[in-house]
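Novice: Curious how this folds, go ahead:
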Amino acid sequence: MSSAHLPEVEAALEEAERLRQAGNYREGIALLVSALQFGEKTAQIYFRLGNIYYDSHDLDRAEYAYKKAIEHDPAHVSAHHNLAVVYRKQGRISEYVKQRKQALRLAGRHPERVQLSEEQARRVKRLALRLFLFGLGLVVAVLLLSYLLGRG
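Specialist: Alright, predicted model coming up:
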């Protein structure tokens, strides 16, 4: 597979994300569907299509797109996660649980492949900071307790 069209596909992915965030779903969908012809980054294109369909409340097409992303890249952690979210939103709880477990297993095996939004990344950083500070507080408490018990 040649990568001659990779810059075009990258540009289409970026523009489609911008269009999604602006609520221009039809334009984003058309752009991504057109980008599929190049055969580059197919899993990523389907993943982004799923996001646009989800945001436009077309859960059936979102499900299809996430499944296609997974078909092209079985370890696409975010596609597994988002497919689970679609199942939950559709009320398909047993499928949601199964898909969510799969996403978590993959995230554990491939943490470098987890794609976080900016907001998710901020939340993870805040949580990490809180855990770190809690850990420091726990160490200080243990040292203080050891000191107090040693004096007694």
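
Novice: burial measure for Leu19, as a count.
Specialist: Leu19: 19 surrounding residues under other C-beta atoms under 10 Å. All C-beta atoms are positioned from the backbone trio N, CA, C, and that covers glycine.

Novice: how near is it to His5?
Specialist: Here Leu19 is placed at a distance of 20 Å from His5 (C-beta to C-beta, to the nearest Å).

Novice: what number of residues lie near Gly108?
Specialist: The number of residues packed near Gly108 is 10, by other C-beta under 10 Å.

Novice: Glu10 too?
Specialist: By other C-beta under 10 Å, 14 other residues sit near Glu10.

Novice: contacting residues for it?
Specialist: Lys41 (C-beta atoms under 8 Å, 6 or more residues apart in numbering).

Novice: Quick check: what element follows the strand or helix carrying it along the chain?
Specialist: Glu10 belongs to helix 6-21 when assigned by DSSP states H and E. Downstream of helix 6-21, the first helix or strand assigned by DSSP H and E is helix 25-35.

Novice: Next, the angle helix 25-35 makes with the helix holding Glu10.
Specialist: Calculated by axes from the mean of the first three to the mean of the last three C-alpha atoms, to 10 degrees, helix 6-21 forms an angle of 160 degrees with helix 25-35.

Novice: now helix 6-21: mean pLDDT?
Specialist: Confidence for helix 6-21, expressed as mean pLDDT, is 94.

Novice: Pretty sure Ser34 sits against Ala12.
Specialist: Yes: in terms of C-beta atoms under 8 Å, Ser34 counts as a neighbour of Ala12; the distance is 7.1 Å.
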